[in-house]
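*Asks:* Okay, sequence plus prediction incoming.
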Amino acid sequence: MEQFSKRKILVVEDEMPIRKFICKNLIMNDFKVYECSSGEEALKTIKLESPELIVLDILLPGIDGFEVCEKVREGFPYIPIIMLTARAQDNDKLAGLKLGADDYIVKPFNPLELIARIEAIFRRMELCRKIESNTIISQNFKLDKNARKFYKNNKQIDLTPKEFTLIKVLMENYNKAISRDDLLNKAWGKDFFGDFKNVDVTIRRIREKIEEDPSKPKYIETVWGCGYMWIEEVN
């Protein structure tokens, strides 16, 4: 009898030897695997099978991995995506982050690394259940949504309403890059006519309040060309 606990993973890779190699290692680690060789086929499979994670190559025939990622984020925003590519260029990584990829791995890679990254994402998904409550706990920080209070090492840190909103959005989406545009809309509203400098200045003030060394931030990381990311270390 098939184990109901098996996680469903979709592998989208046009090179058959690589795809079969990835699938074999996933199956050996007790995942239920679906495989596709094109972006078009992947989008159909996602609708039919509802995978819990997608391993997605960038260089695909027809619809490439970037477009698949974008369409998945539009229709299935909660499915995590690990992007694969033979290119190690920063602009590829940045493009993937902007489109909502959760992780990025460069070929060739050790299959154990891919398994470790997948398991880390699933652990983070479990931790996301904390976020559904009224309290977000991250390392030595606690954010109380109802009381709109923020603590570090159980000591309250005073935040302005804009600072609280920004840090809440970042913590709710930990280890994921959030664009300056999204942060601006969340904290100032879509009708605000200011620019991204408002976000940068507010993030700088937050860092001064929560970071041991604001010039070398450990918790709020800058994602160049995109925005910011709350770093959550998952053991």
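*Replies:* Yep, it's here.

*Asks:* Give me the distance between L99 and I136.
*Replies:* 25 Å (Cβ to Cβ, to the nearest Å). Heads up, the C-betas are built off the backbone N, CA and C, glycines and all.

*Asks:* more neighbours, these two?
*Replies:* Each of L99 and I136 has its neighbours counted (other Cβ atoms under 10 Å); I136 has more, 22 against 18.

*Asks:* Wait, that one touches M171, no?
*Replies:* Yes: using Cβ atoms under 8 Å, I136 is in contact with M171, at 4.9 Å.

*Asks:* residues shared between the contacts of these two?
*Replies:* Counting by Cβ atoms under 8 Å, 6 or more residues apart in numbering, the contacts common to I136 and M171 are L143.

*Asks:* Go through the helix ranked longest in the chain and flag the buried ones.
*Replies:* If each helix of the chain is counted by residues according to DSSP state H, the longest one is helix 111-131. Taking 16 or more other Cβ atoms under 10 Å as the neighbour-count basis, helix 111-131 is seen to contain the buried residues L114, I115, R117, I118, I121, F122, R124, I131.

*Asks:* Let me have those in CSV, adding distance to F141 and pLDDT as columns.
*Replies:* Below are these laid out as CSV (distance: Cβ to Cβ, whole Å; pLDDT from 0 to 100):
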residue, distance to F141, pLDDT
L114, 30, 93
I115, 29, 94
R117, 24, 91
I118, 26, 93
I121, 21, 88
F122, 23, 87
R124, 16, 78
I131, 13, 54
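
*Asks:* quick check, nearest of those to S37?
*Replies:* Checking the buried residues of helix 111-131 against S37 with Cβ to Cβ, the nearest one is L114 at 18.3 Å.

*Asks:* Correct me if wrong: the closest one contacts N25.
*Replies:* Yes: L114 is within contact range of N25, at 7.3 Å (criterion: Cβ under 8 Å).

*Asks:* wait, isn't Y151 in contact with F141?
*Replies:* Yes: Y151 sits in contact with F141 when judged by Cβ under 8 Å, with a separation of 6.7 Å.

*Asks:* the more surrounded of these two?
*Replies:* The residue with more neighbours, out of Y151 and F141, is F141; 19 against 15, by other Cβ under 10 Å.

*Asks:* beta partners of that one?
*Replies:* With DSSP bridges as the criterion, the beta-bridge partners of F141 are S138, K152.

*Asks:* what's the weakest-modelled helix or strand in this protein?
*Replies:* helix 90-99 (a mean of 71; mean pLDDT, DSSP states H and E).

*Asks:* what's the following helix or strand after it?
*Replies:* strand 103-106 (DSSP states H and E).
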